[in-house]
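[1] Sequence and predicted structure are below.
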Protein chains: 4
Amino acid sequence: MVFILKAGVSEEAIQNFRQEFENIGFDTIYAPGTEHTAVCLIGNTAQIDMDTIVATHPIVDYGKRVTETYKAAGRTVHPDDTIIKVGDVNIGSGTFTVIAGPCSVETREQITMVAKSVKKSGAVILRGGAFKPRTSPYAFQGLGKEGLDYLESAKEAVHIPIISEVMNQTQIPLFENVDIIQIGARNMQNFDLLKEVGKLKKPILLKRGLCNTVEEFLMSAEYIMASGNENVILCERGIRTFETATRNTLDLGAVALLKEKTHLPILVDPSHAVGIRSLVPPLAKAALAVGADGIMIEVHNNPAKALCDGAQSLDLDQFDNLMGEIKKRVALEGKTL
Amino acid sequence: MVFILKAGVSEEAIQNFRQEFENIGFDTIYAPGTEHTAVCLIGNTAQIDMDTIVATHPIVDYGKRVTETYKAAGRTVHPDDTIIKVGDVNIGSGTFTVIAGPCSVETREQITMVAKSVKKSGAVILRGGAFKPRTSPYAFQGLGKEGLDYLESAKEAVHIPIISEVMNQTQIPLFENVDIIQIGARNMQNFDLLKEVGKLKKPILLKRGLCNTVEEFLMSAEYIMASGNENVILCERGIRTFETATRNTLDLGAVALLKEKTHLPILVDPSHAVGIRSLVPPLAKAALAVGADGIMIEVHNNPAKALCDGAQSLDLDQFDNLMGEIKKRVALEGKTL
Amino acid sequence: MVFILKAGVSEEAIQNFRQEFENIGFDTIYAPGTEHTAVCLIGNTAQIDMDTIVATHPIVDYGKRVTETYKAAGRTVHPDDTIIKVGDVNIGSGTFTVIAGPCSVETREQITMVAKSVKKSGAVILRGGAFKPRTSPYAFQGLGKEGLDYLESAKEAVHIPIISEVMNQTQIPLFENVDIIQIGARNMQNFDLLKEVGKLKKPILLKRGLCNTVEEFLMSAEYIMASGNENVILCERGIRTFETATRNTLDLGAVALLKEKTHLPILVDPSHAVGIRSLVPPLAKAALAVGADGIMIEVHNNPAKALCDGAQSLDLDQFDNLMGEIKKRVALEGKTL
Amino acid sequence: MVFILKAGVSEEAIQNFRQEFENIGFDTIYAPGTEHTAVCLIGNTAQIDMDTIVATHPIVDYGKRVTETYKAAGRTVHPDDTIIKVGDVNIGSGTFTVIAGPCSVETREQITMVAKSVKKSGAVILRGGAFKPRTSPYAFQGLGKEGLDYLESAKEAVHIPIISEVMNQTQIPLFENVDIIQIGARNMQNFDLLKEVGKLKKPILLKRGLCNTVEEFLMSAEYIMASGNENVILCERGIRTFETATRNTLDLGAVALLKEKTHLPILVDPSHAVGIRSLVPPLAKAALAVGADGIMIEVHNNPAKALCDGAQSLDLDQFDNLMGEIKKRVALEGKTL
């Protein structure tokens, strides 16, 4: 952490300022200049509230953090890509993982039928919502426990790992047979939930919040990792901007940036990002091209009758076509399905 | 709900479309035109997934909701302002409620001392965080249960109602002696938490999410009210925009709009909105002028040593000065403190 | 400007880096540390492309500007408020200037009638658009030169200074009798236009762009001032955010911040900011309370028949009522009308 | 255009409302219902100010436009892709056009050297800025006329078409030998400039504004086309959002959407979108995958010494490598270079 001091500060005040930090265990570097003086702190500054110091210390002009605060998620300490194992599936580092399935689990027959179809097309993990976060209390809220049962029976019948979203920490025990627990965008900063799933060993798929920065995204991954669970998969799903022609704005620049900053795998969910079915395939291809480690796609046997988010769901044939396009390109990107 | 059909649709297709909705209990209005045809649904359309119908029904061009979906929170059914009682304090309709206190409760002495001081200056409710949502897992996370104990002892000693933030539903029992439960911005769409506090009778202060629209804000209030608790207080605390010169962008236009749309009281939190101490007083005055029902202000006995958010906290004298300014203006706005 | 160097850089590389800048006239401060080394440049760094140095210099980790780059607009060099004289009207420092009039000048009779009415209510400057920036080429584009003629005749008849928007530099000669030239939000970064109006002596009202930061806003003022015209009036008129319930989001936090950073007067245009008539009066009062130096309000004799922006225009009575509210509050804010 | 009327409006008021529009040449459709009544206008509603009617007409509850207002740019009237010819280069429909060159033209030798190199690597058009829009008046503003001369001499020497940005309408005559005139993001809604370039026959590359919607983008293209010039090339270059880790947020979802809505070619500028060199190649590949008709890339012979935007410029080898990647993928996307 670097502080630039105000012009004209006395030598004594500067030395007192350094002493304050040295007293609590930091080394300081001191750079006197013709006008401004810089003081750098050396040590673990993660707990220092820099903004408050800048705002309240009479001799400080501004401050800047030098080191990243996401030590577990960042590449500095862990330069190599993390590979996350889910049954036979390896996520990260050289694979392109395709997760597919309906927004909501509706019936046992529906989810099993979709599971068979998407697996045949090339998906390796089945998604299906049982607990649904909906803006309106009057909208369909998911089948809950029953939905998880149907999803698990599809897993058994079709031999495919499953992922589903948890909405609060009291539901965690219900997810024992779910292979990957999803933390939705609205819960990305539900820190208590992050700490709870951090106590598990199970892989966690963490979606980026609608208005959260890349740095906050990594800090939320850090919450899970700091609690003991290093099996974190990131998922970019579109951010909220002024543009309303698409549901959200898919931020593929953030995906490219995340590949540099973190060793964790990064998936892309184009379905929620754009909310318009016809735009899902081109964005799925773009996600592959930009370097994502996989995609998560909403697929429904009959989108017109879907209980939620039908507008953005591909039908079974459309998904099969998309997988055909993906298969043609995956080797060129140095990946395997 | 109004659907505009595509040009050139057959009469039979239109009648089938109407029949689909009439079969599930809606009346339909039919407006044939030279080019486009409109079909309006009459009935409770809250559960209808309009976007999916538009996206998937072959004859539909677009759709539009006519009626607001926040029936409990909206003014249509409840035209008069709601007044929420907290001990002797009435929030809403003619009062300007000032809530003040530190970001975090730190010690029993600190919170009691701040309580006395802010009460003397004119605050009628004491705030203090015990469970703190922090971006980094390495930052101070609040004193937890101990913090609530200190806050309650300040309540007893100073005779002032208290408000504190709950971070997850398992903590609710700890808040038995807390007069108002706060739902933070990051939890505005933690729907399970909203349902749980909706089972209480206690007033809930719901903060607007950083990237949530006015409509979503009201729908989250609706979650609480639909679960049985009508004692909801809204709080605008700044939204996230491209501007980084202030911490967030305080949306006073939304406050003016909310006063038209809902009967619930609306407070403003300028401290979190701007994050810069010197800007808090002018924005607090602006909140009064725009018609807010009160303000929530961060006040600390020694902001330079605050364990969190010191940069935006007023000290005791600054808060007293602000209250002096508020007292001069409150009658002019037709309110009482 | 401060550069933090990468860890493990050789002493020779550091000295070469310093030499590069000393060769072009900067002093450097050097702060060797246990891990990172800081190098500070002392001198006028406005022309240095810091981002490029950070991105391309092999030994640099990051950089940070220390001094503000808006020297003419900033308070550092000019601490006292600037007062801008327009006929008998003083804008800035102790006055609350009210500008009112229709979005578009429509007829000679209309603008004269509106001028009389708003002057009687308390407006001191008349606004009226002759050249209108419209999103669609098929929308009404303003009366052009004829509109300016009508506006000038209202000025003569009613004895009130006038303001109107210029859309490109070739139109400037037409504005000889216009007292204040307005640069619209869409032209805030039309740098050639800024340079041209910078050659005049006439006051310029510069509106903040829909997606421009406070810093960019001040840099655009700096363009005008650096070209020789120090008579710049700033105007906050709402920024574009994810929220669509209001037309834009009025950023009163930026107004409070600008009052600290610049000596230039700052007005607020609530009409364009919210786009909903009923919200204009509360936001106008909030602008006064937050410390703005005035407001600009759209007023039309018959908003329902206005050729543009009728939805946000007050009628003559509504404006008169608003001025009544303003008059009650202006002394309390230490201002005069 | 559809209006939904308020509940309980009298039959007479409804008929008067219809008559108002029929008097000015519209047909109306009338849909009486149990509660709400809809009135649809049939005809060219582009000039109707719907928002004002909704805000001011006592019987209207809300309104909605049915038809797109960008008739020239939209696919409804022109379903087939437009191909724009620049010398031997065809832009749109089956080609992937690569434009490359430095942010600023610096010397005759530099631009000629870059031109040779990027042409050899596969670029078919040379970019180079002569007039530079810079946030600060103290930053390098480009070589102006001299820069255009150097660019033209590179065109002659290397036999490659050139593109450069015009900043205001008085500069247009200087662009006689420039093959494509670029309208920069900050000028996307400089409507007078759009009208002026609309009088030319030369292709115009129109960049999307930093905070402009897809609809506004198409309306600005419509300005040029309505003035007589149908040779418009669109260019997505990143929008401004809350995320600051990248310079802007590249909106590839908008590119996919634009391919559906308009017949005009759409290029992508990843250099300005992210502002970080290492992220340019992955985003360029993503642009190809999402269906863009080409890319515009900043390339500099020595980015570390570039007079502007060096941080985002590729050097000659990096660009050559990127072109190698593009060449491997272009056939798979059904395109030719």
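    Thanks, I have it.
[2] Show me where chain A dips below the pLDDT cut-off.
    Residues of chain A meeting the criterion pLDDT under 70: A:31-36, A:43, A:66-68.
[3] what ranges do the strands span in it?
    With strands called from DSSP state E, chain A shows them at A:2-5, A:27-31, A:37-42, A:60-64, A:84-86, A:89-91, A:97-101, A:125-127, A:162-166, A:180-183, A:204-207, A:232-236, A:266-268, A:294-298.
[4] Just send the ones you listed back as JSON lines, with mean neighbour count and distance to residue B:147 too.
    Yep, even glycine has a C-beta here, placed from its N, CA and C like the rest. Formatted as JSON lines, the entries for the strands of chain A read as follows, by neighbours: other C-beta atoms under 10 Å in any protein chain shown; distance: least, C-beta to C-beta, whole Å:
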{"stretch": "strand A:2-5", "mean neighbour count": "22", "distance to residue B:147": "30"}
{"stretch": "strand A:27-31", "mean neighbour count": "18", "distance to residue B:147": "32"}
{"stretch": "strand A:37-42", "mean neighbour count": "23", "distance to residue B:147": "28"}
{"stretch": "strand A:60-64", "mean neighbour count": "18", "distance to residue B:147": "28"}
{"stretch": "strand A:84-86", "mean neighbour count": "18", "distance to residue B:147": "37"}
{"stretch": "strand A:89-91", "mean neighbour count": "21", "distance to residue B:147": "40"}
{"stretch": "strand A:97-101", "mean neighbour count": "27", "distance to residue B:147": "41"}
{"stretch": "strand A:125-127", "mean neighbour count": "27", "distance to residue B:147": "39"}
{"stretch": "strand A:162-166", "mean neighbour count": "25", "distance to residue B:147": "27"}
{"stretch": "strand A:180-183", "mean neighbour count": "24", "distance to residue B:147": "26"}
{"stretch": "strand A:204-207", "mean neighbour count": "26", "distance to residue B:147": "28"}
{"stretch": "strand A:232-236", "mean neighbour count": "26", "distance to residue B:147": "29"}
{"stretch": "strand A:266-268", "mean neighbour count": "26", "distance to residue B:147": "37"}
{"stretch": "strand A:294-298", "mean neighbour count": "27", "distance to residue B:147": "39"}
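[5] Nearest to chain C among those would be which one?
    Set against chain C and scored by C-beta to the nearest C-beta, the strands of chain A come closest in strand A:27-31, at 2.9 Å.
[6] Direction included, what does that closest one pair against?
    strand A:37-42 (antiparallel) (DSSP bridges).
[7] how far is the partner strand from where the chain is centred?
    Relative to the centre of its chain, strand A:37-42 is centred 34 Å away, using C-alpha atoms, centre = their mean, to the nearest Å.
[8] Kindly calculate the angle that it makes with strand A:60-64.
    With axes from the mean of the first three to the mean of the last three C-alpha atoms, to 10 degrees as the criterion, the two stretches strand A:37-42 and strand A:60-64 enclose an angle of 40 degrees.
[9] and the stretch 151-300 of chain A, which residues reach chain C?
    Taking C-beta under 8 Å from any C-beta of the partner chain as the criterion, the neighbours of chain C within the stretch 151-300 of chain A are A:211, A:240, A:241, A:242, A:244.
[10] hang on, isn't the first one packed against residue B:240?
    Translated: residue A:211. Yes. Counting by C-beta atoms under 8 Å, residue A:211 touches residue B:240, with 4.7 Å between them.
[11] Which residues are in contact with each of the two?
    Listed contacts common to residue A:211 and residue B:240 are B:210, B:211, D:242; contacts here mean C-beta atoms under 8 Å, 6 or more residues apart in numbering or on different chains.
[12] Chain D contacts on the stretch 101-250 of chain A?
    Proximity of the stretch 101-250 of chain A to chain D (C-beta under 8 Å from any C-beta) is limited to residues A:211, A:213-215, A:238-239, A:241-246, A:249-250.
[13] For chain C, state which of those residues is nearest.
    The nearest member of those to chain C, counting by C-beta to the nearest C-beta, is residue A:242 at 4.8 Å.
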